[in-house]
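J.: Kindly generate the corresponding structure for this input.
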Amino acid sequence: MRTKEHSSRPFKKYWRWLALLIILGIVLIGGYEYHAWQTAADKAVVGNKKLPTQLKEKRPFTVLVMGTDVGALGRGTSYAGNTDTMELMTVNPQRRAITMTAIPRDTLVKVNTSHGADYVKINASYAIGGAKLAQHQVSELLDVPVDYYALLNMGTLKKVVNAIGGVTVDNPFAFTYEGHHFKKGKQHLNGDEALKYSRMRYDDPNNDYGRQRRGQQVIESAITTFKKQGSLSDANELMASVADGVRTNFPINNVATIYLNYHGAMDHVTRDHLQGKDAQIDGTDFQIATPKEIARVSHQVNAALGQPTTGTIHNNETALYHYQATWNGYNNLAFTLPHGAQYNVPGSGN
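T.: Predicted structure coming up:
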């Protein structure tokens with residue numbers, strides 16, 4: 001009996017040591033993964049990296065996601081170039097939902113510059129005053145809070161899609177763009193294909209609105225795919241691949257708390273957009289959002305945040321709409337700026 005007990009001890013010790021090694025390996029790998037995420041996230045986050053009370057308390061928030069074609073992003077909040085895409089993302093963990101609202105880049109807005117007020121397309125607000133001004137303009141236009149921003153080099157989209165193994169989209173019509181043919185219907189795309197799919201504009205019967213919807217398809221598929229099969233290792237690969245092409249004031253370095261508090265919001269993703277009407281100023285095409293449409297989208301975003309909605313909205317853009325005497329957005333596209341102001345002339349809007 002003693003001999004049998006004695007002979008089993010090496011195996012018991014072996015399994016104890018094996019269990020200890022497994023636990024140690026998990027700790028070391030987990031520590032490495034966290035360190036990898038932290039290193040990449042610190043590069044992407046601009047400004048204060050502390051977790052705000054809003055996120056600690058698991059409250060809903062909004063983040064303005066902007067895509068740009070500029071090269072490597074700097075450390076500041078002002079970069080050259082206009083934004084190609086603008087998406088206001090509303091994240092509500094209580095409702096377990098994310099709402100994406102696309103804002104047409106050609107929407108006419110009034111901005112304050114260092115040389116005075118000016119009338120420009122909303123996508124120029126980033127070039128004029130950086131991400132903070134872009135946040136302000138979207139907030140002013142829709143009368144909603146814009147808590148954070150995320151600026152993405154469009155080339156990072158390829159890396160994101162490849163890192164999660166591709167995305168699935170439902171193409172409304174067949175088209176060929178930059179050497180790739182996209183058939184009608186559902187299809188799986190790699191990163192390069194997804195970027196091309198989301199960028200084609202001029203062959204779409206809905207122009208920029210069609211492009212917005214295709215871009216939203218890619219984002220929605222990326223979110224749901226990562227929700228289903230993503231792991232910490234996948235997240236680290238994703239962060240490492242996009243760190244050079246992302247700048248944000250959202251504290252993604254606090255990955256553990258944010259994941260625990262907000263991952264449930266990925267359960268449901270809905271899409272919307274601000275619909276404008278055609279307009280022209282001195283031969284330049286614009287989109288004009290009507291007061292009714294601005295109020296509708298404002299109501300939708302505030303409802304998605306779970307906060308009270310306002311009635312009629314009075315801002316610079318609704319005032320522009322009411323100033324028009326003959327423009328109708330259909331057969332009369334000539335749009336008039338008030339008090340002799342000129343498009344893209346700082347100070348003329350004073």
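J.: Please count neighbours and contacts with C-alpha atoms only from this point.
T.: Fine.
J.: What residues sit buried inside stretch 250-262?
T.: 250-255, 258, 261-262 (16 or more other Cα atoms under 10 Å).
J.: I'd like the average pLDDT over it.
T.: Regarding stretch 250-262, the rounded mean pLDDT is 83.
J.: Out of the buried residues of stretch 250-262, flag the one nearest to Asn123.
T.: Nearest to Asn123 among the buried residues of stretch 250-262: Phe250, at 20.6 Å, using Cα to Cα.
J.: Inside strands: which ones of the buried residues of stretch 250-262?
T.: Among the buried residues of stretch 250-262, no member falls in strands (DSSP state E).
J.: how about the strands in the chain?
T.: Going by DSSP E, the chain shows strands at 61-68, 83-92, 97-102, 108-113, 116-121, 148-153, 167-171, 175-177, 180-182, 185-189, 246-248, 268-273, 277-281, 284-288.
J.: Sheet partners, orientation included, of the longest one?
T.: Read it as strand 83-92. Paired strands of strand 83-92, with direction, are strand 61-68 (antiparallel), strand 97-102 (antiparallel) (DSSP bridges).
J.: Flag the shaky bits of the chain, pLDDT-wise.
T.: Along the chain, the model assigns pLDDT under 70 to residues 1-37, 69-80, 229-237, 241.
J.: which residue is nearest the middle of it?
T.: Val65 (2.8 Å; Cα atoms, centre = their mean).
J.: which residues does that one bridge with?
T.: Glu87, Ala150.
J.: Now do it against Pro346, distance only.
T.: Val65 is 26 Å from Pro346, where distance means Cα to Cα, to the nearest Å.
J.: what's the answer for Met86, then?
T.: In terms of Cα to Cα, Met86 sits 23 Å off from Pro346.
J.: do the same with Ala150
T.: 27 Å.
J.: Count residues in the vicinity of Thr309, would you?
T.: Burial of Thr309 is recorded as 17 neighbouring residues (other Cα atoms under 10 Å).
J.: show me the contacts for Val297.
T.: 142, 273-274 (Cα atoms under 8 Å, 6 or more residues apart in numbering).
J.: rerun at 10 Å
T.: 101, 142-144, 272-275, 303 (Cα atoms under 10 Å, 6 or more residues apart in numbering).
J.: Just give me the neighbour total for Gln300.
T.: Residues lying near Gln300 (other Cα under 10 Å) number 17.
J.: That one and Leu88 touch, don't they?
T.: No - counting by Cα atoms under 10 Å, Gln300 sits too far from Leu88 to count as a contact (11.6 Å).
J.: Please enumerate the helices of the stretch 251-350 of the chain.
T.: Ranges of helices in the stretch 251-350 of the chain, per DSSP state H, counting those that start in this stretch, are 255-262, 291-305, 316-323.
J.: what angle separates the second one from helix 316-323?
T.: Looking back up the chat, that one is helix 291-305. Interaxial angle of helix 291-305 relative to helix 316-323 (axes from the mean of the first three to the mean of the last three Cα atoms, to 10 degrees): 160 degrees.
J.: gap between helix 291-305 and the chain center?
T.: Here the centre of helix 291-305 is set off from its chain's centre by 18 Å, with Cα atoms, centre = their mean, to the nearest Å.
J.: Strand 268-273 and that helix, what's the angle between them?
T.: On the basis of the same axes, to 10 degrees, helix 291-305 is oriented at 160 degrees to strand 268-273.
J.: Same question for the first one.
T.: For the pair helix 255-262 and strand 268-273, the angle between their directions (the same axes, to 10 degrees) equals 80 degrees.
J.: Surely Thr309 is in contact with Gln300?
T.: Yes - the pair Thr309 / Gln300 is scored as a contact, 8.4 Å apart, by Cα under 10 Å.
J.: measure Glu193 to Ser221 for me?
T.: Here Glu193 is placed at a distance of 14 Å from Ser221 (Cα to Cα).
J.: Show me which of these two is the more surrounded one.
T.: Per other Cα under 10 Å, whichever of Glu193 and Ser221 has more neighbours is Glu193, with 20 against 17.
J.: Is the more buried one in contact with His180, as I believe?
T.: Yes - counting by Cα under 10 Å, Glu193 sits close enough to His180 to count as a contact (7.5 Å).
J.: before we move on, the earlier item: from His322, how far out is the residue nearest to the centre of the chain?
T.: Distance from Val65 to His322, by Cα to Cα: 30 Å.
J.: How many residues are close by the residue lying closest to Val160 once chain neighbours are set aside?
T.: Distances taken as Cα to Cα, 6 or more residues apart in numbering put Leu238 closest to Val160, at 6.1 Å, once the chain neighbours are dropped. The tally of other residues near Leu238 (other Cα under 10 Å) stands at 21.
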